[in-house]
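[1] my questions concern the predicted model and sequence given below.
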Amino acid sequence: MDEILERLTAYVASKDARLACASAVVLAELAPQQAAVVRDLRVALEKSDPVRRPFIIEALGRIGTPEAAQALVPVIEAGGPSAEDALRAVAHAGAGALKPLAGLLKKAHNDLRVKLAEAISRTGESQGFAALFGELRAADANAARSLREGMHRALQSLDEKGRGALLHQTVKALETKAYCENEPAFHAAAELAGELGDPEALPALLSFAGLKADPRLRRAALLAVARIKLDPERRGRMAGKLLPLLEESDYGQAVEPALIALRDAEIGAEFRAALQRLVNSQLPQVRDFAMKKLAAGGSARNLQDLVACLEDADPSVRESAASALSKAPGAAPLVAERLLKMASGAASRLAARVLQDTAPEIPGRTLAALAKTYVELATGAGAKAGESQDADTRREADERRGAVLAVLRASGSEVLAETAAATAAKLRNDGDNARALGLMKSIAGIAGWRSPQKLELALAGLSLVPLDIARPARNNNANLRLIEEVLADPKAEPKPLAKRLLKDDSIERRVLGFIGHHFSERMHGDRDFGRVLLEGLAANPRSDEGKQAREKLVLEGMARSTKASKAGILEERAKVMMAAADMAAKAAADEARRARKAKGARSKSKVKARGKR
């Protein structure tokens with residue numbers, strides 16, 4: 001030992017704690033692998049105080065010789081804070097620390113065994129892992145658990161070489177009979193294989209997946225397989241080996257771990273028959289799995305089989321099918337076609353739930369058929385004339401109608417709004433305003449709910465209620481509010497609309513008079529709309545509606561009274577209102593006449609001026 005190292009080791013034992021700590025730090029940086037330095041540090045460690053002890057421990061760990069590691073063993077055995085420091089320091093020793101640490105494993109208690117296993121694992125040396133697995137081979141449950149925990153804690157800090165060394169020992173253990181005969185040891189090795197996630201361990205693990213394998217070992221192996229990093233296609237190749245397990249009655253040891261192992265697998269068409277058998281399983285988890293895998297395949301044949309399950313007698317089968325179809329690509333058109341043929345309200349609701357997020361994928365032809373079906377259900381067009389329906393039949397029809405409407409709303413299509421408006425118009429023309437009203441009210445607010453639909457709802461509603469011309473009653477009339485919305489549309493043409501309503505023979509004259517009465521009191525286009533309606537009714541002065549329309553036109557100043565007799569209150573009011581209009585018209589005419597005279601005078605003056613020149 002040279003003079004500098006001799007002085008530094010001497011300073012470590014100095015009474016001056018700061019000098020001793022500084023010297024230990026320098027020795028840790030130099031890491032001289034000389035037996036004399038290690039001997040002096042070991043002596044100093046035995047006599048050290050709590051202040052300088054961590055620095056001496058660090059120096060011995062950095063030196064890293066077997067002798068230095070051996071010097072830390074008593075500290076580790078003693079436990080306490082210094083033992084933690086020693087375990088961290090000895091990890092720097094690498095292979096030099098393996099033998100002393102491995103010697104402590106047999107007599108260590110569980111907590112210390114975890115720390116020893118972690119320290120040995122952090123070296124990343126294959127000899128260290130061999131020593132740990134050597135202890136694991138005959139370990140009891142507690143010892144196996146502590147050894148696995150120690151290796152697990154060190155796993156994240158291992159480099160590629162260290163992980164490779166651990167993987168090699170793990171696979172070797174899984175292929176060794178002694179570990180298979182010791183259940184705790186096998187479980188520890190399988191869990192480590194799963195944590196490593198390397199496909200290299202897959203053959204060894206799958207060798208325990210057969211029907212004849214020990215159920216306890218099989219579960220541990222399959223749970224490890226589930227954690228192996230595989231792409232879905234490669235994981236699907238295991239289906240031939242694992243699908244038979246799903247037909248077993250032992251859920252905990254066979255079915256559940258197999259389901260977990262195959263959860264993200266892409267199962268090919270060659271396993272379709274096996275999956276179809278599983279659809280009839282008594283276990284709902286297996287049914288769900290089988291249906292989802294069939295749906296994920298995307299073939300029309302698979303999807304048709306699942307769609308048929310929506311009407312199965314077993315509610316759990318229906319639920320499983322709905323869950324699978326709701327996420328299956330390309331299922332929406334098939335489910336919608338099936339919905340058209342469903343007679344059960346419960347099955348229809350389930351189909352609507354499946355289509356809630358995929359309804360926009362339904363083809364236009366099918367949407368049109370759904371709209372037609374809804375209209376028939378809403379108006380009772382499918383029922384035979386004079387036939388009374390019992391409560392159950394009506395309930396089923398209501399459930400079907402609600403399901404179809406939910407799908408059409410979710411699709412965002414305007415086809416129902418158009419179909420319903422056309423049907424309502426026909427119903428009104430046949431005098432069936434009640435069914436027209438019910439139909440239009442049931443679809444209020446659906447996509448495509450615009451002026452034609454609002455107008456149909458308003459006309460059907462006005463035909464069925466008493467018409468009170470009192471202003472408060474009219475202001476609160478929801479049907480008149482709808483017509484106001486129609487007229488407020490920028491594209492609305494009040495006069496042509498009024499003329500169209502007058503030509504519609506299905507609209508009662510009293511309804512037209514009520515509408516005209518209300519809108520003649522409003523402003524601008526609304527007033528013109530009301531005037532045209534009243535003028536159309538007034539063209540038939542012999543009818544009550546015609547007389548009332550004429551009186552309202554006179555009252556609102558839209559017409560002059562033609563009676564030669566003494567004017568009544570309505571005529572007098574009309575004269576006053578018409579006088580204002582006449583005065584405004586006369587003022588405009590006078591202004592135009594004055595402007596023309598002024599223009600003529602200017603022209604004459606210009607002619608005279610040119611003549612003088």
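    All right, it came through fine.

[2] so His518 makes contact with Glu484?
    No: look at His518 against Glu484 with CB atoms under 8 Å: they stay out of range, at 9.0 Å. No exception for glycine: its C-beta is placed from N, CA and C like everyone else's.

[3] between these two, which one's more packed in?
    His518 (22 against 17; other CB atoms under 10 Å).

[4] distance of that one relative to Met291?
    Using CB to CB, to the nearest Å, one gets 59 Å for the distance from His518 to Met291.

[5] what's the answer for Arg18, then?
    For Arg18 relative to Met291 (CB to CB), the value is 74 Å.

[6] next: Asp528.
    Distance, Asp528 to Met291, by CB to CB: 63 Å.

[7] low-confidence ranges in the protein?
    1, 91-97, 382-389, 561-587, 606-613 (pLDDT under 70).

[8] if we use 80, what do you get?
    Along the chain, the parts satisfying pLDDT under 80 run over 1-2, 48, 64-66, 69-101, 104, 297-298, 381-390, 559-590, 597, 599-613.

[9] what segments of the stretch 501-613 of the chain are helices?
    Per DSSP state H, counting those that start in this stretch, the stretch 501-613 of the chain carries helices over the ranges 509-519, 524-538, 544-555, 569-612.

[10] for the protein, which segments count as strands?
    Under the criterion DSSP state E, the chain contains no strands.

[11] tell me the centre residue of it?
    Geometric centre of the chain, nearest residue: Asp357, 9.3 Å, by CA atoms, centre = their mean.

[12] measure how buried the spatially closest residue to it that is not a sequence neighbour is and give me the count.
    Excluding the flanking residues, the one nearest Asp357 by CB to CB, 6 or more residues apart in numbering is Ser326, at 6.9 Å. Other residues near Ser326 come to 17 when the count uses other CB under 10 Å.

[13] likewise the one 3 residues further on?
    The criterion is other CB under 10 Å. On that basis, Pro329 has 12 neighbouring residues.

[14] also the one 3 residues further on?
    Residues within reach of Ala332, counting by other CB under 10 Å, total 24.

[15] do the same with Arg500
    Count around Arg500 with other CB under 10 Å applied: 12.

[16] ok, now Gly445?
    8.

[17] Ala420 versus that one, what's the distance?
    12 Å.

[18] end-to-end on stretch 321-331?
    For stretch 321-331, the first-to-last residue distance is 11 Å (CA to CA, to the nearest Å).

[19] so what touches it?
    288, 291-292, 294-296, 298, 300, 303, 306-307, 309-310, 312, 335, 350-351, 353-354, 356-358, 361 (CB atoms under 8 Å, 6 or more residues apart in numbering).

[20] repeat for stretch 74-94
    With CB under 8 Å, 6+ apart as the test, stretch 74-94 has contacts from 45, 50, 53-54, 57-58, 60-65, 68-69, 72, 97, 100-101, 104, 112, 115-116, 118-119, 122-123, 125.

[21] how does it look with 6 Å?
    53-54, 57-58, 61-62, 64, 69, 72, 97, 115, 119, 122-123 (CB atoms under 6 Å, 6 or more residues apart in numbering).

[22] please save the CA atoms from it in CSV.
    Provided in CSV are the C-alpha atoms of stretch 74-94 (Å, rounded to 0.1, in the frame of the first residue of the first chain):
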residue,chain,number,x,y,z
PRO,A,74,-21.9,-8.6,9.5
VAL,A,75,-23.5,-5.2,9.0
ILE,A,76,-26.2,-6.7,6.8
GLU,A,77,-26.9,-9.5,9.3
ALA,A,78,-27.2,-7.0,12.1
GLY,A,79,-30.0,-5.2,10.4
GLY,A,80,-31.0,-1.5,11.0
PRO,A,81,-30.2,1.5,8.9
SER,A,82,-26.6,0.5,8.3
ALA,A,83,-27.8,-2.8,6.8
GLU,A,84,-29.8,-0.9,4.2
ASP,A,85,-26.7,1.2,3.4
ALA,A,86,-24.6,-2.0,3.1
LEU,A,87,-27.1,-3.6,0.8
ARG,A,88,-27.1,-0.6,-1.5
ALA,A,89,-23.3,-0.4,-1.4
VAL,A,90,-22.7,-4.1,-2.1
ALA,A,91,-24.7,-3.8,-5.3
HIS,A,92,-21.6,-1.9,-6.7
ALA,A,93,-19.4,-4.9,-6.0
GLY,A,94,-20.9,-6.9,-8.9
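
[23] roughly how far out does that stretch sit from the chain middle?
    51 Å (CA atoms, centre = their mean, to the nearest Å).

[24] with stretch 27-45 instead?
    63 Å.

[25] buried ones in it, by neighbour count?
    27-28, 31-32, 37-38, 40-42, 44-45 (16 or more other CB atoms under 10 Å).

[26] same check on stretch 128-138?
    Under 16+ other CB under 10 Å, the buried positions of stretch 128-138 are 128-129, 131-133, 135-136.
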